[in-house]
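**Student:** Okay, here's the prediction I keep looking at, along with the sequence it came from:
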Amino acid sequence: MEHTDREYCLEVWGDMACFTRPELKVERVSYDVITPSAARAIFEAIFWKPAIHWQITKIEVLNPVKWTSVRRNEVGAVAGKSTIYIEDKRQQKNSLLLKDVRYRIWAKMEYRSVAKRKIEKDLFSHEPGRDENPMKYYQMFERRASKGQCFNQPYLGTREFSAAFRLVNSDDEALTPPISEEQGGTKDLGIMLYDMDFQDPKNIQPMFYRPQMKAGVIIVPPINSEEILR
């Protein structure tokens, strides 16, 4: 049995972000907004276990989309057995980044049944514990997120752009409205990276979708939806 009845919300922000378009290889160009995979990674940085899966359900854009261009040095080689002289491989590349970003991200914590994890045992190398239950993991996430704890620093697309976060209690606090249509909050965002398909670890494939931002709100379809392009 899958349990998807507990939805959480994080407010996430940072000075800069880069959710890189995979079709542009030479220079980094960000998508207009955070991708579902980057949003999922923020939740996982706070709390993740083989028994759970985070399903992003909604993204609210709280700050208008703003851009900045940065030129920086990058190394145009991959470290291997041979010695690399950085000065010989240094390249100047331009990056088109987002600045002053703030999102409200909603996600459901899906509890993976023991039977399902036995199928994925080779992938996760994890033996289910006897005391596992959804409530245990709900409480662990709530405790960690409310205290600002994380396993590793959440980031906005790339590790150099760290993200601040806070747990949102939508029942007890007044929520800031997302950006309006006049602020650019209604837009067809085109084909965007959704996530990576890890069903076959030897042949990991990207998945895409076509998000529609309406008054600053993006509804994210579930992974098994027909809207997901594989």
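**Tutor:** That came through, no problem.

**Student:** longest helix anywhere in this structure?
**Tutor:** Identified as the longest helix of the chain according to DSSP state H is helix 134-147.

**Student:** which residues touch that helix?
**Tutor:** 3, 6, 8, 10, 46-47, 49, 51-52, 109, 111, 149-150, 165-167 (Cβ atoms under 8 Å, 6 or more residues apart in numbering). Glycine gets a C-beta too; all of them are placed from N, C-alpha and C.

**Student:** and those, which of them are in strands?
**Tutor:** 8, 10, 52, 109, 111, 165, 166, 167 (DSSP state E).

**Student:** Would you agree the last one is in contact with residue 10?
**Tutor:** If I follow you right, that is residue 167. Yes - using Cβ atoms under 8 Å, residue 167 makes contact with residue 10 at a distance of 6.3 Å.

**Student:** the more surrounded of these two?
**Tutor:** residue 10 (20 against 17; other Cβ atoms under 10 Å).

**Student:** Contact partners for that one?
**Tutor:** Residues in contact with residue 10, defined by Cβ under 8 Å, 6+ apart, are 42, 43, 46, 104, 105, 107, 145, 165, 166, 167, 168.

**Student:** ok, of the residues you listed, which one's closest to residue 30?
**Tutor:** Nearest to residue 30 among the contacts of residue 10, counting by Cβ to Cβ, is residue 42 at 16.0 Å.

**Student:** Assumed the closest one was part of a strand.
**Tutor:** No - using DSSP: H, G, I helix; E, B strand; the rest coil, the assignment for residue 42 is helix, not a strand.

**Student:** can you tell me which residues contact the spatially closest residue to it that is not a sequence neighbour?
**Tutor:** Closest residue to residue 42 apart from its sequence neighbours, by Cβ to Cβ, 6 or more residues apart in numbering: residue 154 at 4.3 Å. Residue 154 makes contact with 12, 41, 42, 45, 46, 162, 163, 165, according to Cβ under 8 Å, 6+ apart.

**Student:** at 7 Å what do you get?
**Tutor:** By Cβ atoms under 7 Å, 6 or more residues apart in numbering, the residues touching residue 154 are 42, 45, 46, 163, 165.

**Student:** any idea which of the residues you listed is closest to residue 192?
**Tutor:** Of all these, residue 42 has the smallest distance to residue 192: 16.8 Å, by Cβ to Cβ.

**Student:** any idea how far the spatially closest residue to residue 163 that is not a sequence neighbour lies from residue 34?
**Tutor:** In space, and not counting its chain neighbours, residue 163 is closest to residue 154: 4.3 Å by Cβ to Cβ, 6+ apart. Going from residue 154 to residue 34 by Cβ to Cβ, to the nearest Å gives 11 Å.
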